[in-house]
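A.B. asks: Any chance you can model this:
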Amino acid sequence: NVCHVKTILYVIFIFSYLQALDYDTIENELHGEEERKMSSSDWKWIQFQRWIICMLIGIMTGIVAVVINICILELTAVKMHVVEQAIIHCVKNRCLYVPLLLWIAINVVLVTVASLLTVFVAPVAAGSGIPQIKCFLNGVKVPNVVRFKTLVTKVIGVIASVSGGLAVGKEGPMIHSGSVLAAGISQGRSISFNLNTRFFKHFRNDREKRDFVCAGAAAGVSAAFGAPVGGVLFSLEEAASFWNQALTWRIFLCSILSSYTLNFFMSIYHHHPGDLAYPGLINFGKFSGSYEGFELPIFLLMAVFGGLSGAAFNAINHKITVFRLKYLKAKYFKVLEVVFVAAVSATIAFVLIYWNPECKPLGQDPYVRLQFFCNDGEYNTMAVLFFTPPEESVKSLFHDPLGALQPLTIVIFVLPYFFLACWTYGLQVPSGLFIPSLLIGAAWGRLVGNCVNFIWPDDIWAQDLSKYALIGAAAQLGGTVRMTISLTVILIEATGNITYSLPLMAVLLLAKWVGDYFNHGIYDMHIHLNKVPILPWEPPALSTNIQAREVMGTPVVTLRTVPLVSDICSVLSDPRNCHSGYPITDSEGKFRGVILRTQLLILLKHKEFVERGGSSERIKLSVFRDSYPRYFPLSVINVSEGEQQCHVDLRPFLNPSPYTIQENASLPRIFRLFRALGLRHLVVLNDEYKVVGMISRKDIWKWEHKEKQHDD
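C.D. replies: Residues are numbered from 1 along each chain as shown. Alright, predicted model coming up:
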């Protein structure tokens, strides 16, 4: 039917620009020669360079976090001062429309800067970047995801978005920023600035870059939450498809340096040099209280509600995202939507602050001094939630004493903020989801604490609302993003209290189970909406009877061990053969190895022809590394008619021992090979050791997609 044809065409379009990464080592003759020439000291120097790179990644990620944090604090303070002075002036002169328009104008200008950069410079910088980094580490090459312009757009955009009053946070984008820094530092060069150094040349391949990007993601988490261990676990749980012990230690060092670099510079900014009290972009404050055993059922009920609330959040955001993908395709529509959301958010906040009847004496909330329509010596409680940076709002909900925020104020705040956060995530601006989810959860968690205090007003354990706000924040975040182990450790490190480890783990696990019953986590949902062929942790259920011959792509384009240049050009120029690798066969048709498309392009460019003495003056492995990662197209290679009849000996360059599989192998076995080894392609052989097919992750994804459509 028409719908099915449109789906197929869309999948073909997506696959035309999405390529797989190759984490397999090409063990050809060039690789063997280089390793034979390498001494023990050379090998140790390469290992030492890995530690140096991880240290640089941690320090630079911490510095970027400092820049983001200070810029947001300064911009928010200026905006707060300007709007508050306008309100004080207009309360007396009855011109309240002026501060409203001023507030809207400031927010619109800021978010317009973020949106224009995102839409016209680096669209991949939109959102938190966590789905894109998950795809990269899973083996999918998302275009421009680790480019320098993406980092610049991410940094400037998140500063403008948070300062512009959108329901977003700056913590999620730090993970993407750390990953981009890791990808750039580990290569020892910048193609954007035409800068090429002699450092780190050995790491110019997908396999090495993946490990460093993993470290960058962990450093981003550590800088965001002051949680080095949580950062390591985040990379392990949510990102990496491959892990080893040496990588764990390097990433842990990277995470520690990221957190303490941020800590050091923020202590200077706050005029307390050396005071290590600023470990992350968000500081939950110290939780010195505890809980009673009989409170665990209350926490579990909160987990159920958090799972339901998170599932509702994801479902609403799914509908909005589908609408965006279908109708808001033009670039100016995307910018206009951001402007409209910013104006609506500012208007709702201003109106709720104006109509808020609750004013409290200064000093009840030690974090704010916002008068906003209150008498002298008082502050507006709604302004605490809407106008301060979201991290300060979370801290207020966690630690404000009993009675500092009335339940009605919290209800009036959390309901519109929930829908604003649903609407905002997915806009064409850099935006994080951690803080909005924590803020929503802390708000309704504090409401639960108020209810408990109302029922047991005289019990000491019911006077502490911070634990209920914390559990609510964890339940909401767990129900939305569906993380368990890493999120537990992140929250424990951010609160500085291991006492809550049991309820936090139980709440996050139950919230995930409840949410998973209804839909996917928010990050996986956006990955699926964009039709990215990411491989899950487990193979498809009940698929053992599915064999390789049913999944593989056919017919297979093969090359001989010593083909003509004309044959190579014909294969590379045919748009139907734009594969990443080609099986090599001998004169009898038997399989001899695999050569990559990029290798063929480099051999043609350097005229590595047998007739020109190419076998005696063979190019080195460094030539292939220097061409990574932006390879040139066939159109830039000039091959004369005479050269078309030359031959290329592919045997020194092909991978003679790639991973292969028999045509009767089961789908779960194929899946595990791709998932565990990070393969880009898998050659399918018959009993005569002849090539009968090729399997890529796209073939597996398309098979799963076809089966789901058939079931529907």
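
A.B. asks: Which residue ranges of the stretch 1-150 of the chain form helices?
C.D. replies: Along the stretch 1-150 of the chain, counting by DSSP state H, counting those that start in this stretch, helices occupy 2-17, 29-37, 40-93, 97-120, 130-138, 148-163.

A.B. asks: Quick one: these as TSV, columns for mean neighbour count and mean pLDDT too.
C.D. replies: All C-beta atoms are positioned from the backbone trio N, CA, C, and that covers glycine. Shown next, in TSV, are the helices of the stretch 1-150 of the chain (neighbours: other C-beta atoms under 10 Å; pLDDT from 0 to 100):
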stretch	mean neighbour count	mean pLDDT
helix 2-17	11	50
helix 29-37	13	89
helix 40-93	17	91
helix 97-120	20	94
helix 130-138	25	89
helix 148-163	24	95
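
A.B. asks: Which of those sits closest to T381?
C.D. replies: helix 40-93 (15.2 Å; C-beta to C-beta).

A.B. asks: Minimum distance to S288: which of the helices of the stretch 1-150 of the chain has it?
C.D. replies: Closest among these, once you apply C-beta to C-beta, is helix 40-93, at 25.4 Å.

A.B. asks: how far out from the middle of the chain is the closest one?
C.D. replies: 18 Å (C-alpha atoms, centre = their mean, to the nearest Å).

A.B. asks: What helices and strands are in contact with it?
C.D. replies: helix 97-120, helix 148-163, helix 171-185, helix 206-225, helix 245-269 (3 or more C-beta pairs under 8 Å, 6 or more residues apart in numbering; DSSP states H and E).

A.B. asks: So for D22, what's the pLDDT?
C.D. replies: According to the prediction, D22 has pLDDT 82.

A.B. asks: For G403, pull up the helix or strand it's in.
C.D. replies: Counting by DSSP states H and E, no helix or strand carries G403.

A.B. asks: Next one: it from D376, what distance?
C.D. replies: 21 Å (C-beta to C-beta, to the nearest Å).

A.B. asks: picking that back up, could you dump the helices of the stretch 1-150 of the chain to a markdown table with distance to P361?
C.D. replies: Formatted as a markdown table, these follow (distance: least, C-beta to C-beta, whole Å):
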| stretch | distance to P361 |
| --- | --- |
| helix 2-17 | 58 |
| helix 29-37 | 73 |
| helix 40-93 | 18 |
| helix 97-120 | 24 |
| helix 130-138 | 42 |
| helix 148-163 | 29 |
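
A.B. asks: can you tell me which of these comes nearest to P652?
C.D. replies: helix 29-37 (4.2 Å).

A.B. asks: Y582 belongs to a strand, doesn't it?
C.D. replies: Yes. The assignment for Y582 is a strand, going by DSSP: H, G, I helix; E, B strand; the rest coil.

A.B. asks: So it is in contact with R597, correct?
C.D. replies: Yes. Under the criterion of C-beta atoms under 8 Å, Y582 makes contact with R597 at 7.2 Å.

A.B. asks: which of these two has more neighbours?
C.D. replies: Y582 (28 against 17; other C-beta atoms under 10 Å).

A.B. asks: any idea how far the more buried one is from T558?
C.D. replies: 6 Å.

A.B. asks: Let's have the helices and strands packed on helix 40-93 in TSV, adding distance to Q644.
C.D. replies: As requested, the helices and strands packed on helix 40-93 are exported to TSV (distance: least, C-beta to C-beta, whole Å):
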stretch	distance to Q644
helix 97-120	42
helix 148-163	39
helix 171-185	38
helix 206-225	32
helix 245-269	46
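
A.B. asks: Select, out of the ones you listed, the one closest to R680.
C.D. replies: Here helix 206-225 is closest among those (C-beta to C-beta), at 8.5 Å.

A.B. asks: continuing past that closest one, what's the next helix or strand?
C.D. replies: That would be, after helix 206-225 and using DSSP H and E, helix 228-234.

A.B. asks: which residues sit against that following helix?
C.D. replies: 175, 217-222, 225, 248, 251-252, 255-256, 258-259, 483, 485-487, 489-490, 492-494 (C-beta atoms under 8 Å, 6 or more residues apart in numbering).

A.B. asks: so who does the residue most central in space within the chain touch?
C.D. replies: Central residue of the chain (C-alpha atoms, centre = their mean): I130, 1.3 Å from the mean position. Shown in contact with I130 (C-beta under 8 Å, 6+ apart): G172, I175, H176, E238, Y523.

A.B. asks: next one: E27
C.D. replies: N655, P656, S657.

A.B. asks: Quick one: the strands in the stretch 601-712 of the chain, in order.
C.D. replies: All strands of the stretch 601-712 of the chain, identified by DSSP state E, counting those that start in this stretch, fall at 660-662, 681-685, 691-696.

A.B. asks: In the protein, where is pLDDT below threshold?
C.D. replies: 1-17, 238-242, 277-278, 363-369, 577-578, 613-617, 704-712 (pLDDT under 70).

A.B. asks: Save the contacts of I130 as a markdown table, and put in distance to N545 and neighbour count too.
C.D. replies: Output for the contacts of I130, formatted as a markdown table (distance: C-beta to C-beta, whole Å; neighbours: other C-beta atoms under 10 Å):
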| residue | distance to N545 | neighbour count |
| --- | --- | --- |
| G172 | 41 | 28 |
| I175 | 40 | 31 |
| H176 | 41 | 30 |
| E238 | 32 | 23 |
| Y523 | 32 | 24 |
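
A.B. asks: Of those, which is the nearest to R675?
C.D. replies: For the contacts of I130, the nearest to R675 is E238 (14.9 Å; C-beta to C-beta).

A.B. asks: how about the strands of the stretch 251-400 of the chain, start to end?
C.D. replies: 359-361, 378-380.

A.B. asks: Mean neighbour count, the ones you listed: which tops it?
C.D. replies: Per-stretch averages of neighbours, counted by mean count of other C-beta atoms under 10 Å, single out strand 378-380 among those, with a mean of 20.

A.B. asks: That one - which strands sit beside it in the sheet, and in what orientation?
C.D. replies: Applying DSSP bridges to the sheet, strand 378-380 is found paired with strand 359-361 (antiparallel).

A.B. asks: Give me the residues contacting the strand it pairs with.
C.D. replies: F373, C374, N375, G377, E378, Y379, N380, T381, A404.

A.B. asks: Touching, the last one and L385? I think so.
C.D. replies: No. If you go by C-beta under 8 Å, A404 and L385 don't touch, sitting 11.5 Å apart.

A.B. asks: Give the residues shared as contacts by these two.
C.D. replies: Common neighbours of A404 and L385 (C-beta under 8 Å, 6+ apart) are S396.

A.B. asks: higher neighbour count, those two?
C.D. replies: Ranked by neighbour count (other C-beta under 10 Å), A404 and L385 place L385 first, with 28 against 18.

A.B. asks: In contact with that one, which residues?
C.D. replies: S393, S396, L397, L405, T409, I410, F413, Y417, A443 are the contacts of L385 under C-beta under 8 Å, 6+ apart.

A.B. asks: on that earlier part again, of the helices and strands packed on helix 40-93, which is nearest H31?
C.D. replies: Of all these, helix 206-225 comes closest under C-beta to C-beta, at 12.3 Å.

A.B. asks: can you pull the contacts of E611?
C.D. replies: C646, H647 are the contacts of E611 under C-beta under 8 Å, 6+ apart.

A.B. asks: again, but for Q476
C.D. replies: Neighbours of Q476 in contact, by C-beta under 8 Å, 6+ apart: G306, S309, G310, S437, L438, I440, G441, W444, G445, A511.

A.B. asks: Can you select the buried ones among those for me in ChimeraX?
C.D. replies: Here is the ChimeraX selection string for the buried members of those, based on 16 or more other C-beta atoms under 10 Å:
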select :306,309,310,437,438,440,441,444,445,511
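
A.B. asks: For the residue nearest to A160 when sequence neighbours are not counted, give me its contacts.
C.D. replies: Distances taken as C-beta to C-beta, 6 or more residues apart in numbering place A114 nearest to A160, at 3.9 Å, with adjacent residues excluded. A114 sits next to I156, G157, V158, I159, A160, S161, G164, V338, V429, P430 when contact means C-beta under 8 Å, 6+ apart.
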